[in-house]
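**Q** Below: sequence and its predicted model.
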Amino acid sequence: MSAAVPGASDALREIAFWLERAREQPRRPMAYRKAADVVDGLDDARREDLAQSGSWTDLPGIGPSTAAVIAQAVAGRVPDKLAALRDEAEPGEGDDTSLRAALRGDLHTHTTWSDGGAALEEMVATAVRLGHEYYAITDHSPRLTVANGLSPERLHRQLDVIERLNAEVAPFRILTGIEVDILEDGSLDQDPELLDRLDVVVASVHSRLRDPSDTMTRRMVTAIANPRVDVLGHATGRLVEGSRGTRPPSEFDAEIVFEACKQFRTAVEINSRPERRDPPAALIDIAVERGCVFSIDTDAHAPGQLAWQGRGCVRAERAGIGPDRVVNAWPVEDLLAWSAQRRGI
């Protein structure tokens, strides 16, 4: 992040970024992000009146902490809160690895179109600042109603938004995508014709995670064999820590599942979320031995979480995975050619 003096909205959003990166409770960064939205909604006259009076707390959603940030930024200072967070920030885990330096993008992320905590535009702007060359929007599919999954109609609207925004951020590339649920029979929770329009399809199991091993194996292999699936997301569905508690990994025949990934050239995701760390190290080793390719993703639901990618790189390097086997270390043209070849396009 830049050390320059930011405007009030940018300062509030950068504070949210650092809090999310440090894994603070979501309500804290969300308060700063909502305050930034309030500031962005002010017209010039109202902004000037508030700057003169200093009565920022008169605005809904602005408390003493966010008001202090706004006042200091409007006065041309780096806000104290932001300066402290910049000074206290530790290097990100794995950010110094050669594999992290080789990554060009992130293929699994979420926005407020489903269950993310920030708008698509803010997630994209953060990806640009982090040095990505491309970035995939992969909000949830309809079946996951708890995550506000995208109906075909809403996904169509999102694609229109991405097309317009891509024209503004070029040469940076926003990739269209989805995290599609793998249904009980291995089919995918979205219209096939719409999946054909997307750059990246991440397929994940979110339901019936405790089904028997043979059932889960058939379910996953059926999805992996679907030419529309590019990445197998968080393969075991486990949770190892965090506010949602813990959850054991799903049971499946890893030899069969990862052999299918190799045969169909479906990438195995190394999920960088601290509470997932999925797949477990032993399963990554099996996928390596089978000759799979990988995608190292954040599964980010907020801008600061986009900085977690190094966590997955540490796990990948421990398993001996080099950038040639990581699809999001490839130039975007090669990535899209790989996806198109798999789909027979």
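**A** Received it, and whenever you're ready, just let me know what you need. Numbering: from 1, shown residues only.
**Q** Surely L232 is in contact with I270?
**A** No: taking contacts as Cβ atoms under 8 Å, L232 lies outside contact range of I270: 10.7 Å. From N, CA and C alone the C-beta is placed, and that goes for glycine too.
**Q** partners of the residue nearest the centre of the chain in the sheet?
**A** Closest to where the C-alpha atoms of the chain average out (Cα atoms, centre = their mean) is T109, at 2.3 Å. Beta-bridge partners recorded for T109 (DSSP bridges): A300.
**Q** you'd agree it is up against H132?
**A** No: using Cβ under 8 Å, T109 makes no contact with H132, being 10.3 Å away.
**Q** Could you identify the longest strand within the chain?
**A** strand 173-181 (DSSP state E).
**Q** Export it to PDB, keeping only CA atoms.
**A** Extracted C-alpha coordinates of strand 173-181, given in PDB (Å, rounded to 0.1, in the frame of the first residue of the first chain):
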ATOM      1  CA  ARG A 173      -7.600  -8.400 -16.800                       C
ATOM      2  CA  ILE A 174     -10.600  -9.300 -14.700                       C
ATOM      3  CA  LEU A 175     -11.500 -12.900 -15.400                       C
ATOM      4  CA  THR A 176     -15.100 -13.900 -15.300                       C
ATOM      5  CA  GLY A 177     -15.800 -16.900 -13.100                       C
ATOM      6  CA  ILE A 178     -17.800 -18.700 -10.500                       C
ATOM      7  CA  GLU A 179     -17.400 -21.100  -7.600                       C
ATOM      8  CA  VAL A 180     -20.000 -23.600  -8.600                       C
ATOM      9  CA  ASP A 181     -21.400 -26.100  -6.200                       C
END
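**Q** which helices and strands sit right next to it?
**A** When contacts are defined as 3 or more Cβ pairs under 8 Å, 6 or more residues apart in numbering; DSSP states H and E, strand 173-181 sits against strand 134-137, helix 152-169, strand 200-204.
**Q** and these as JSON lines, adding mean neighbour count and mean pLDDT?
**A** Below are the helices and strands packed on strand 173-181 laid out as JSON lines (neighbours: other Cβ atoms under 10 Å; pLDDT from 0 to 100):
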{"stretch": "strand 134-137", "mean neighbour count": "26", "mean pLDDT": "98"}
{"stretch": "helix 152-169", "mean neighbour count": "14", "mean pLDDT": "97"}
{"stretch": "strand 200-204", "mean neighbour count": "27", "mean pLDDT": "98"}
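**Q** Nearest to P303, out of these?
**A** Closest approach to P303 among those (Cβ to Cβ): strand 134-137, 11.4 Å.
**Q** So what are the sheet partners of the closest one and their directions?
**A** Strand 134-137 has these strand partners (DSSP bridges): strand 105-106 (parallel), strand 173-181 (parallel).
**Q** List of residues touching it?
**A** Contacts of strand 134-137 with the rest of the structure, by Cβ atoms under 8 Å, 6 or more residues apart in numbering, involve 104-109, 111, 113, 120, 123-124, 127-128, 158, 162, 172-177, 199-200, 332, 335.
**Q** Filter those residues down to the buried ones.
**A** Neighbour-count burial (16 or more other Cβ atoms under 10 Å) is assigned, among the contacts of strand 134-137, to 104-109, 111, 113, 120, 123-124, 127, 158, 162, 172-177, 199-200, 332, 335.
**Q** Is it possible to get CSV of the strands paired with strand 134-137 that adds distance to G245?
**A** Formatted as CSV, the strands paired with strand 134-137 follow (distance: least, Cβ to Cβ, whole Å):
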stretch, distance to G245
strand 105-106, 26
strand 173-181, 21
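**Q** Adding distance to S9 and mean pLDDT, write these out as JSON lines.
**A** As requested, the strands paired with strand 134-137 are arranged in JSON lines below (distance: least, Cβ to Cβ, whole Å; pLDDT from 0 to 100):
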{"stretch": "strand 105-106", "distance to S9": "24", "mean pLDDT": "98"}
{"stretch": "strand 173-181", "distance to S9": "22", "mean pLDDT": "98"}
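**Q** Tell me which of the ones you listed approaches N328 most closely.
**A** Closest to N328 of the strands paired with strand 134-137, according to Cβ to Cβ: strand 105-106, at 4.9 Å.
**Q** So which of the strands paired with strand 134-137 is nearest D139?
**A** Among those, strand 173-181 comes nearest to D139, with 6.5 Å by Cβ to Cβ.
**Q** Now do the helix or strand following the closest one, average pLDDT.
**A** Tracing the chain past strand 173-181, the next element assigned as helix or strand by DSSP states H and E is helix 192-195. The predicted model assigns helix 192-195 a mean pLDDT of 96.
**Q** other SSEs contacting helix 192-195?
**A** helix 152-169.
**Q** Touching the helix it packs on from outside, list them.
**A** By Cβ under 8 Å, 6+ apart, the list of residues contacting helix 152-169 from outside reads 113, 120-121, 124, 128, 137, 139, 142, 150, 173-174, 176, 178, 190-191, 194, 197.
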